[in-house]
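Undergrad: Pasting the sequence and the predicted model now:
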2 protein chains.
Amino acid sequence: MFRPLTLALLITATPVLAADRLTQAATLRDTALARSEAFPLLEDLTTRVGPRLAGTPAEQRGRDWAIAAMKAAGLVNIKTEPFPLPVWERGVESAEIVGSHPQKLAIAALGYSGATPPQGITAPIAYFASYQALQDAAPGSIAGKIAFIDHRMAVTQDGSSYGSNGAVRRSGPALAQSKGAVAVLIRSVGTDSHRNPHTGGTVAAPGVAAIPSAALSLPDAEQLARLVKLGPVSVKFISTPRFDPNGQSANVSGEIPGTSGEVIVIGGHLDSWDLGTGTIDDGAGMAITLTAAKTIKAARLKPRRTIRVVFWGAEEFGLWGGRAYAEAHKAENIVLAAESDFGADRVWRIASNVADTGLPLIAEIGTVLAPLGIAPASDNKSGGGPDVGPMRPNGVGILDLEQDGTRYFDLHHTPDDTLDKVDRAQLDQNVAAWTAAIWLAASDDRPLRTK
Amino acid sequence: MFRPLTLALLITATPVLAADRLTQAATLRDTALARSEAFPLLEDLTTRVGPRLAGTPAEQRGRDWAIAAMKAAGLVNIKTEPFPLPVWERGVESAEIVGSHPQKLAIAALGYSGATPPQGITAPIAYFASYQALQDAAPGSIAGKIAFIDHRMAVTQDGSSYGSNGAVRRSGPALAQSKGAVAVLIRSVGTDSHRNPHTGGTVAAPGVAAIPSAALSLPDAEQLARLVKLGPVSVKFISTPRFDPNGQSANVSGEIPGTSGEVIVIGGHLDSWDLGTGTIDDGAGMAITLTAAKTIKAARLKPRRTIRVVFWGAEEFGLWGGRAYAEAHKAENIVLAAESDFGADRVWRIASNVADTGLPLIAEIGTVLAPLGIAPASDNKSGGGPDVGPMRPNGVGILDLEQDGTRYFDLHHTPDDTLDKVDRAQLDQNVAAWTAAIWLAASDDRPLRTK
């Protein structure tokens, strides 16, 4: 009789306990939706500060803004943690077709790309319809030429196409360089059809100075491809970025302290590319997660686990902030980490990477988020957002509120990443989901760490 | 009995005659749809030549292309008619907010605008929410300031909002100058939400050198308006256009000769703005009207009235080609003129301005075009396309195949006026409409001239 009684007690107690937390979470969810507080925050950041290129005074202004915003949200223990960063800044840049079809091309230099002489370089185009075609090119076969990688990207809801397409941008320049190219133009890693190129980071081969590289807008890539079909094409390319190997960036964080010694890290990245105002990438993630924390704070709820909001620096140049953060905090009892860094469109699915003991929590989150049109966790192998990725090997549990990426790569890393692109209803849905999910996790005690 | 018999004969004869021409026109309409020949022509122009700024070597390359394309279409009597033109070309240009919210702004200098010193000018912004607000400003009240005219444009299917909004761009700079402004920034005359400013022509006050002026992209105008709300804003503005009062442009024309001595003029304008590739404005008009003529020629039909395709030069800077053409051809028996200059989207309605004797022809055109989803003539007061406007006071009849302008001002005068924006099915519908309409007019003998 003992067992059935215990079971009965558990059956009675657990739902009451769960209903309590679930009801709190549902109330927080609906409060967040009704308050609609993220948009004004995002507007303020992207208007007052605008673009926040890593390692520049603009990123510093972003940190000043973040500290003030965290204070206003009621967070405490606000900290800035600097880390070293090689800083790259765009210079003068232009590209034009020379010869019998002279035309300007809309380009944007890629992060960490090399410089041309101030007067530029003029060279014939070597055309590659795909990344594979470039991989197949013989070493030295494009010596003295400008490689044009015309690799196309598909639209995907879950952003999975960025996996392979991002590699074109990150590794394409170094690959072309290894085949003899003097410079590289890529078809923008994007899915729109506007004259706004998509910039982004590149990775140089170890010990080699990067060659100049830039992205063409999608219409320009198509124009250049058409011209290549008509006969040999030469391009004059100018790009004069500045590079400082000894710069600095920083992470900023603030907390709602808990009682258990366990920490949940949520946030977005503070830096942005220079072309837009860093609204969807990743002002939105900052506004969503800070508003979620603020909503919990304003409800006067005391979390068991500390809720820490982190705004990482220098994500765009290769997760510098995320890597520095994971290293600096590896001894800390961070049980769960979650980053919002996929725009401002709605959350459509949950994913996680937690210990089995944490799966009931993930299921609870699914239950409370379902009325927002969010599907339950599809798997427990999530890599998480970019800046929490480096914490995952340390055993930190991962929560991922996956956003709809259908139109994300229309705007990503372009001048068009601006406030007018934000759908307020979808932004609010994000905040509602984060508020409820984080409360459920912060009020819980089931183990989440994977080691 | 005589009268009834005559009436019976007329009733029998007229429908047969009409059915014959109408059947021919319907066949041409369907042939044009099936052949889908305009897009390759438009692709060729906008790829090989690209932008065609008036009075520049690029416009000359456009004329060379036009002559070859007219020959290939089977037109004869191909002519180039030069006319003088003050030539304006964009220089270096940039704008940035200075002070505590430093950010770059996406701008494009306006046609015939003045130049700043090479190092630019820095001045406070004087904000005007509308053109009316600027009109209401006291003379001298904005001395030393940069006027920012934040006038908004509505989306209209018939393009009617361009009437008042175009005036903001054309006359706003001179108006602001009369109130003491040292430079002018306008919210782009456009309806999109991309970081691509809409350039366009301006008109200086007589005998006064124009001040520098530029259009902000829509997102930049909104950003600047938000910053103005936060407090005083200063902008550093650089624009160094080149101006040559003694340049030249030209009109190009070719014909399918008729037998009656009467002439029908159709066409589009050859010049474009420099920012895009002049695809929807007005490569589309060139491709549509030339393909219509080619389709008639290819059908081996002999028109009663000469069908003349004219590609006007220097439309964008103030109808220089259209005015020169009207003057040079005022003694000619041009009975009807029609220009396609409103993009590549579908024709939705017919309009005209012809003698009453011509109204049955307009009705016939309505009948043959109805299966294309085109509404009959709404009135007989049409002004016609821009370049045929100057012929109208001379008594030339006007036909207007009105295109759907819902998305025209998303692209108009921007870098985004490129080939990828063209919907081939809608482009083909235009060609079908023009082919049928022009054949009906060219095979007819009812008077059309209004004097």
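TA: Yep, it's here.
Undergrad: Identify the residue nearest the geometric centre of chain A.
TA: Of all residues in chain A, the one closest to the mean position by Cα atoms, centre = their mean is residue A:341, 3.8 Å from it.
Undergrad: quick check, that residue in a helix?
TA: No - counting by DSSP: H, G, I helix; E, B strand; the rest coil, residue A:341 falls outside a helix, being coil.
Undergrad: quick one: the residue nearest to residue A:141 when sequence neighbours are not counted from residue B:408, how far?
TA: Nearest residue to residue A:141, sequence neighbours excluded (Cβ to Cβ, 6 or more residues apart in numbering or on different chains): residue A:179, at 6.0 Å. Placement of C-beta: from N, CA and C, glycine included. According to Cβ to Cβ, to the nearest Å, residue A:179 and residue B:408 sit 44 Å apart.
Undergrad: ok, now residue A:101?
TA: Distance, residue A:101 to residue B:408, using Cβ to Cβ: 27 Å.
Undergrad: So between the two, which is more surrounded?
TA: With neighbours defined as other Cβ atoms under 10 Å in any protein chain shown, residue A:101 and residue B:408 compare such that residue B:408 has more, 23 against 17.
Undergrad: now whichever residue of the stretch 201-350 of chain A sits closest to chain B, nearest residue through space, not along the chain?
TA: Proximity of the stretch 201-350 of chain A to chain B (Cβ to the nearest Cβ) peaks at residue A:219, 4.2 Å away. For residue A:219, ignoring the flanking residues on the chain, the nearest one in space by Cβ to Cβ, 6+ apart is residue B:418 at 4.2 Å.
Undergrad: wait, that neighbour sits on residue B:276?
TA: Yes - checked against Cβ atoms under 8 Å, the pair residue B:418 and residue B:276 is within contact range at 5.5 Å.
Undergrad: Report the set of residues contacting both of the two.
TA: residue A:195 (Cβ atoms under 8 Å, 6 or more residues apart in numbering or on different chains).
Undergrad: So which residues of the stretch 301-450 of chain A form helices?
TA: Secondary structure of the stretch 301-450 of chain A (DSSP state H, counting those that start in this stretch): helices located at A:320-328, A:359-369, A:408-411, A:424-442.
Undergrad: measure residue A:195 to chain B for me?
TA: 4 Å (Cβ to the nearest Cβ, to the nearest Å).
Undergrad: That residue is in contact with residue B:196, isn't it?
TA: Yes - with contacts counted by Cβ under 8 Å, residue A:195 reaches residue B:196, the gap being 5.9 Å.
Undergrad: Contacts only, for residue A:224.
TA: So residue A:224 contacts A:97, A:105, A:125, A:148, A:150, A:185, A:216, A:233, A:235 (Cβ under 8 Å, 6+ apart).
Undergrad: in what helix or strand does it lie?
TA: Assigned by DSSP states H and E, residue A:224 belongs to helix A:218-230.
Undergrad: Can you name the next helix or strand after that helix?
TA: strand A:234-239.
Undergrad: what does the stretch 51-200 of chain A put close to chain B?
TA: Within the stretch 51-200 of chain A, the positions adjacent to chain B are A:51, A:58, A:101-104, A:106, A:193-196 by Cβ under 8 Å from any Cβ of the partner chain.
Undergrad: Show me which pair in those residues is furthest apart.
TA: Across these, no pair lies farther apart than A:58 and A:101, at 38.0 Å, counting by Cβ to Cβ.
Undergrad: Quick check: which ranges of chain A have low pLDDT?
TA: A:1-19 (pLDDT under 70).
Undergrad: again, only this time at 90
TA: Along chain A, the parts satisfying pLDDT under 90 run over A:1-19, A:163-165, A:204-206, A:377-379.
Undergrad: Show me the domain layout of it.
TA: Following automatic domain parsing, chain A resolves into domains at A:23-85+A:246-442, A:91-240.
Undergrad: quick one: the helices in the stretch 51-200 of chain A?
TA: In the stretch 51-200 of chain A, the helices defined using DSSP H, counting those that start in this stretch lie at A:57-72, A:131-136, A:161-178.
Undergrad: Check which residues of the last one are buried.
TA: This means helix A:161-178. Across helix A:161-178, burial judged by 16 or more other Cβ atoms under 10 Å in any protein chain shown covers A:161-162, A:165-166, A:168-177.
Undergrad: ok, the residue nearest to the centre of chain A - contacts?
TA: Residue A:341 is in contact with A:268-269, A:281-282, A:285, A:315, A:385-387, counting by Cβ under 8 Å, 6+ apart.
Undergrad: Now, of these, which are buried?
TA: Neighbour-count burial (16+ other Cβ under 10 Å) applied to those gives A:268-269, A:281-282, A:285, A:315, A:385-387.
Undergrad: got JSON lines for those residues, with distance to residue B:445 too?
TA: Below are the buried ones among the contacts of residue A:341 laid out as JSON lines (distance: Cβ to Cβ, whole Å):
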{"residue": "A:268", "distance to residue B:445": "73"}
{"residue": "A:269", "distance to residue B:445": "73"}
{"residue": "A:281", "distance to residue B:445": "65"}
{"residue": "A:282", "distance to residue B:445": "69"}
{"residue": "A:285", "distance to residue B:445": "71"}
{"residue": "A:315", "distance to residue B:445": "73"}
{"residue": "A:385", "distance to residue B:445": "74"}
{"residue": "A:386", "distance to residue B:445": "73"}
{"residue": "A:387", "distance to residue B:445": "77"}
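Undergrad: What about those, which are in strands?
TA: A:268-269 (DSSP state E).
Undergrad: returning to what we had before: looking at the residues of the stretch 51-200 of chain A next to chain B, spot the one nearest residue A:257.
TA: residue A:58 (31.2 Å).
Undergrad: Quick check: the gap between residue A:244 and residue A:122.
TA: Remark: distance between residue A:244 and residue A:122 (Cβ to Cβ) = 28 Å.
Undergrad: Have a look at these two and say which one is more surrounded.
TA: Higher neighbour count among residue A:244 and residue A:122: residue A:122, with 15 against 12, using other Cβ under 10 Å.
Undergrad: what sits against that one?
TA: Each residue near residue A:122 by Cβ under 8 Å, 6+ apart is listed here: A:98, A:234-237.
Undergrad: Show me just the buried residues among those residues.
TA: A:235-237.
Undergrad: Now distance to residue B:43 too, for those residues, in JSON lines please.
TA: As requested, those are exported to JSON lines (distance: Cβ to Cβ, whole Å):
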{"residue": "A:235", "distance to residue B:43": "20"}
{"residue": "A:236", "distance to residue B:43": "24"}
{"residue": "A:237", "distance to residue B:43": "25"}
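Undergrad: who touches the residue nearest to residue A:340 when sequence neighbours are not counted in this structure?
TA: Sequence neighbours aside, residue A:285 is the residue nearest to residue A:340 in space, at 3.6 Å (criterion: Cβ to Cβ, 6+ apart). Under the criterion of Cβ under 8 Å, 6+ apart, the contact partners of residue A:285 comprise A:267-269, A:339-342, A:385.
Undergrad: Run through the bridge partners of the closest residue to residue A:338 other than its chain neighbours.
TA: Nearest in space to residue A:338, with sequence neighbours left out and distances taken as Cβ to Cβ, 6+ apart, is residue A:399 at 4.1 Å. Per DSSP bridges, the residues bridged to residue A:399 are residue A:352.
Undergrad: What of residue A:111?
TA: residue A:201.
Undergrad: How about the contacts made by the residue nearest to residue A:219?
TA: A:195, A:219, A:223, B:46, B:276-277, B:279.
Undergrad: Serialize the residues you listed to TSV and add fields for distance to residue A:335 and neighbour count.
TA: Formatted as TSV, those follow (distance: Cβ to Cβ, whole Å; neighbours: other Cβ atoms under 10 Å in any protein chain shown):
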residue	distance to residue A:335	neighbour count
A:195	46	27
A:219	47	26
A:223	52	24
B:46	58	28
B:276	53	27
B:277	55	27
B:279	56	28
